[in-house]
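In: Show me the folded form of this:
(4 chains)
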Number of protein chains: 2
Amino acid sequence: MPTPDQPGTTRERILDATAALFMRYGYTGTGLKQIVADANAPFGSVYHHFPGGKQALGVEVIHRSGAMYGELVMSVFDAAPDIVTGVRDCFAGAAEVLRTTDYADACPIETVALEVASSNEQLRLATADVFERWIIEAVTRFRAAGIEADCARELAVFVIFLLEGAFVHCRATRTTEALEVAGKRAAFVIESELRERPAR
Amino acid sequence: MPTPDQPGTTRERILDATAALFMRYGYTGTGLKQIVADANAPFGSVYHHFPGGKQALGVEVIHRSGAMYGELVMSVFDAAPDIVTGVRDCFAGAAEVLRTTDYADACPIETVALEVASSNEQLRLATADVFERWIIEAVTRFRAAGIEADCARELAVFVIFLLEGAFVHCRATRTTEALEVAGKRAAFVIESELRERPAR
DNA sequence: CGACGTCTAGATAGATCGCTCTACTGATAG
DNA sequence: CTATCAGTAGAGCGATCTATCTAGACGTCG
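Out: Numbers count the residues shown, from 1 in each chain, chains lettered A, B, ... in the order given. Okay, the predicted model is just below:
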């Protein structure tokens, strides 16, 4: 489905189209021809704006998508009355998005991360960087909610990759079972942690 | 790294080589040329043994790898004195394998599952089938350990996709942090469940 | 022995890949 | 006005992809 004449500069349209395609089809599964078709951009513009070619475009898309998805998740946390509700809302929201996008829109970098982990060091480092930023953001939230530093990092890693794992099952089965289970368990674990070790 | 003249029939060598390549590079990232090179097989043999081409080969590899990985995990459970230790050993074993294979050998079908979820219905169904079989096997184990039916399925989904999520982080960062955190949390959750709702 | 089916072996086709190249457009500066 | 430069536009290159095709090797039957 080609994206109809979006607003924004050619460069931005290329970035947006690439991000959408990476989320669904991954890095090797997305061709430059398809990117420019979806972005309504001429082929030559890709190499004008991204002299490093597909890899350079990939690195920028990974960082950009990672930042945008991080902000999206954080906005859900901001809207929630407490951290446990925030976690629950994140999983529920992710399930809702999956249902309304024909199980296509999950994590914007997960497919790419697995694809490039053993084949492209530059892209692998980009995905690792995004994951680390997400963890740090989550740690900040958890600490602010009164969880001790060491434990906060453990919980951040636990919650984020429980979400990533659930995405795999949901996309493969076209159900949201895994996200529902994961959300319930994640919320319960954080609740327990807060109960057992109350505020500092 | 081309696999040196393995034993087995040409067909089996093709299946083994494809499975290894899918695990590292995914479906679209693996070419038939590379498969026959690694398998020490002539190109034509692929289409002789798999008349359906790359997709038919993919479907069979997914089912085969899924069954083999399931058996591997179950053998770890069999060797453990109890179910909590079994879960802990699975995550620890997965971390050990990752470390000794340069973070390449994780889940044999995870990368493919994400890649094909929105692009190839036949392969998507194959990955969904494998996940469902794994869940059923895990449910059987958990029920045998005295966990109630509904809860057993929840725990199975939770543990399996916590493992899958951890694989993403480990392969991207080339650390085993996520698997260690996940193993610890998974074991704790199952332990709690057994403590709170003792044998039937 | 020859006929037949299975499997090996690889050349080749046709499409698509990432990428490079030149030409063109339009806005701005001198 | 001309000169300049960023960006648009797409034809075309070599490489690689999946898939097909023909030919040969090998064993097993009649």
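In: helix/strand/coil for the residue most central in space within chain A?
Out: With distances taken as CA atoms, centre = their mean, the residue of chain A nearest its centroid is residue A:107 (3.7 Å). Secondary structure of residue A:107, reduced to three states by DSSP: H, G, I helix; E, B strand; the rest coil: coil.
In: what helix or strand is residue A:142 on?
Out: Assigned by DSSP states H and E, residue A:142 belongs to helix A:121-144.
In: just for chain A, where's the confidence low?
Out: The model of chain A has pLDDT under 70 over residues A:1-6, A:198-200.
In: For chain B, what is the nearest residue in it?
Out: residue A:165 (2.8 Å; CB to the nearest CB). C-betas here are computed from N, CA, C, even on glycine.
In: I'd guessed the residue nearest to the centre of chain A sits against residue A:164; true?
Out: Yes. Contact status for residue A:107 versus residue A:164: in contact at 5.9 Å, counting by CB atoms under 8 Å.
In: List the contacts of stretch A:67-87.
Out: With CB atoms under 8 Å, 6 or more residues apart in numbering or on different chains as the contact definition, stretch A:67-87 has outside contacts at A:19, A:88-90, A:93, A:107-109, A:130, A:133-134, A:137, A:141-142, A:145, A:159, A:183, A:186-187, A:190-191, A:194.
In: Narrow these to those that are buried.
Out: For the contacts of stretch A:67-87, a neighbour count by 16 or more other CB atoms under 10 Å in any protein chain shown gives the buried set as A:19, A:88-90, A:93, A:107-109, A:130, A:134, A:137, A:141-142, A:145, A:159, A:183, A:186-187, A:190, A:194.
In: among these, which are in reach of chain B?
Out: Judged by CB under 8 Å from any CB of the partner chain, the overlap between those and the neighbourhood of chain B is nil.
In: Quickly check: the host helix or strand of residue A:37 near DNA strand D or not.
Out: Using DSSP H and E, residue A:37 sits in helix A:32-39. No. On the criterion CB under 7 Å from any atom of the strand, helix A:32-39 is out of touch with DNA strand D, staying 8.1 Å away.
In: quick check, that helix touching chain B?
Out: No. No part of helix A:32-39 sits near chain B under the criterion CB under 8 Å from any CB; the closest distance found is 11.5 Å.
In: any idea which helix or strand comes after that helix?
Out: Counting by DSSP H and E, the element after helix A:32-39 in chain order, helix or strand, is helix A:43-49.
In: now what about that next one, what contacts it?
Out: Outside of helix A:43-49, the residues within contact range by CB under 8 Å, 6+ apart are A:10-11, A:14, A:32-33, A:35-36, A:53, A:57.
In: orientation of the helix or strand just after that helix relative to helix A:121-144 in degrees?
Out: Scanning forward in sequence from helix A:43-49, with DSSP H and E defining helices and strands, the next element found is helix A:53-79. Relative orientation of helix A:53-79 versus helix A:121-144 (axes from the mean of the first three to the mean of the last three CA atoms, to 10 degrees): 10 degrees.
In: is any part of helix A:53-79 close to DNA strand D?
Out: No. For a cut-off given as CB under 7 Å from any atom of the strand, helix A:53-79 has no contacts with DNA strand D; the smallest distance is 12.1 Å.
In: Specify the angle between that helix and helix A:32-39 in degrees.
Out: What separates the directions of helix A:53-79 and helix A:32-39 is an angle of 50 degrees, with the same axes, to 10 degrees.
In: helix/strand/coil for the residue nearest to residue A:26 when sequence neighbours are not counted?
Out: Of all residues beyond its chain neighbours, the one nearest residue A:26 is residue A:111 (4.1 Å), with distances taken as CB to CB, 6 or more residues apart in numbering or on different chains. Following three-state DSSP, residue A:111 is assigned to helix.
In: Can you verify my assumption that residue A:111 contacts residue A:30?
Out: No. The pair residue A:111 / residue A:30 is not scored as a contact, 9.8 Å apart, by CB under 8 Å.
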